[in-house]
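S.K.: Here's a sequence, model it:
(2 chains)
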Amino acid sequence: MIKKLLLAAGAVAIAAAGGSLLHPFGRPAAPGANHPILRDAQIDPATLAILRRACQNCHSQQTEWPWYSHIAPVSWLIARDVQQARSHMNLSQWQNYSADDRLQLLSAIGSAVRNRKMPVQRYVLLHPEARLTDSERQQIYRWTRAERSRLSLLHSTTSLNGQIHFVAYLQ
Amino acid sequence: MRYNWTLTILSGVVWTTVALAASLKDPVRGRDAFDKRCTGCHTLDKIKVGPPLRGVYGRTAGKDPQFAYSDAVKAAPVEWDEATLDRWLTNTESVIPGNDMAFRLNDPADRANIIAYLRQLSAK
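M.R.: Residues are numbered from 1 along each chain as shown, chains lettered A, B, ... in the order given. Below you'll find the predicted structure:
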């Protein structure tokens, strides 16, 4: 009986170790990646700290991979979740998004956080440090609105300058 | 001269066809367009990033009690009909300045079809 149990445990361990070498959803863990989040955004340190605590683990390249994220099949599920989260929004790539994309993402961040859709519940169960208080949710929401206003103004000023230059060019 | 007239008539026919196609407002195409363009943020029955949209046609803006709207939308005396939804999807700021939806749908046919789809859902 004990021998059978040991054999079964050994088989499971070998399968987990072998499975951990497979990456059916890609390999999001880029070793040594150091991409600061929200480059080019104007954000106060307190709000940035909240976003680092609650969002960057899935929505950036700054993911901290827990020990269980290296063991199959959990590793596959976590890798898939992180890939999906980054495909929706990658805060490490902020500077590469167009102005329109940034405006849309800011409006989505504000609304999702304010309506308690983010961080997702099952993530918070495993990462209680990502839990947001009501005032933190409001703080993020206020920042998204301020940053949207700043970007819109910047965008319209840039467009206006472009038009002025174009008119000057025509004359 | 005859060439110019032929071109004018041809372009008239093309534009009339395009305008006619845009005015057909097909709810079936609207459902496809909704799936492609809206479901990133909306579902019909549950809050996602935005509020659920079943029944939105004919409703006053900002009135789903489950959703935390911006102050601007909550205070806006806007009823969602064909005209307001078309303007909203073209440029949300032109309907309710200071709202939280930064999205534009530039294709008039997509807008018309999606509005037809939302209207059909409200009628059920």
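
S.K.: Helices of chain B, start to end?
M.R.: Along chain B, counting by DSSP state H, helices occupy B:2-22, B:27-37, B:71-75, B:82-90, B:92-95, B:108-123.

S.K.: Residues in contact with the third one: which ones?
M.R.: For helix B:71-75, contacts defined as Cβ atoms under 8 Å, 6 or more residues apart in numbering or on different chains pick out B:Ala61, B:Gly62, B:Ile96, B:Pro97, B:Gly98, B:Asn99, B:Asp100. Glycine gets a C-beta too; all of them are placed from N, C-alpha and C.

S.K.: Identify each buried residue in it, please.
M.R.: Going by neighbour count (16 or more other Cβ atoms under 10 Å in any protein chain shown), the buried part of helix B:71-75 is B:Ala72, B:Val73.

S.K.: just the fourth one next, same as before
M.R.: Within helix B:82-90, the residues scored as buried using 16+ other Cβ under 10 Å are B:Thr84, B:Leu85, B:Asp86, B:Trp88, B:Leu89.

S.K.: repeat for the last one
M.R.: Burial within helix B:108-123, assessed by neighbour count using 16+ other Cβ under 10 Å, is assigned to B:108-119, B:121.

S.K.: Same question for the fifth one.
M.R.: For helix B:92-95, a neighbour-count test (16+ other Cβ under 10 Å) marks B:Thr92, B:Val95 as buried.

S.K.: model confidence over the helix or strand hosting A:Ser135, on average?
M.R.: Using DSSP states H and E, A:Ser135 sits within helix A:134-170. The average pLDDT for helix A:134-170 rounds to 79.

S.K.: just stretch A:73-83 next, same as before
M.R.: Mean per-residue pLDDT for stretch A:73-83: 88.

S.K.: Can you pull up the most central residue in chain A?
M.R.: The structure's chain A has its C-alpha centroid closest to A:His59; by Cα atoms, centre = their mean the separation is 0.8 Å.

S.K.: Next one: that one, what pLDDT does it get?
M.R.: 97.

S.K.: helix, strand or coil for it?
M.R.: The assignment at A:His59 comes out as coil when based on DSSP: H, G, I helix; E, B strand; the rest coil.

S.K.: list the contacts for it?
M.R.: When contacts are taken as Cβ under 8 Å, 6+ apart, A:His59 is in contact with A:Ala85, A:Arg86, A:His88, A:Met89, A:Asn90, A:Leu91.

S.K.: Kindly report the same for B:Leu121.
M.R.: Residues counted as contacts of B:Leu121 (Cβ under 8 Å, 6+ apart) are B:Leu44, B:Leu53, B:Arg54, B:Gly55, B:Tyr57.

S.K.: excluding its backbone neighbours, what's nearest the fourth one?
M.R.: Right, B:Gly55. Nearest residue to B:Gly55, sequence neighbours excluded (Cβ to Cβ, 6 or more residues apart in numbering or on different chains): B:Ser122, at 5.3 Å.

S.K.: Touching, the one you found and B:Leu53? I think so.
M.R.: No: contact between B:Ser122 and B:Leu53 fails when scored by Cβ atoms under 8 Å: they sit 9.5 Å apart.

S.K.: can you pull the pLDDT of the residue of chain B found nearest chain A?
M.R.: For chain B and chain A, the shortest gap (Cβ to the nearest Cβ) falls at B:Ala102, measuring 4.0 Å. pLDDT, the model's per-residue confidence, is 93 for B:Ala102.

S.K.: What about it? Give its phi and psi, please.
M.R.: Per-residue torsions, B:Ala102: phi -100, psi 80 (degrees, to the nearest 10).

S.K.: Relative to A:Ser156, how far out is it?
M.R.: According to Cβ to Cβ, to the nearest Å, B:Ala102 and A:Ser156 sit 14 Å apart.

S.K.: more crowded one of those two?
M.R.: B:Ala102 (22 against 10; other Cβ atoms under 10 Å in any protein chain shown).
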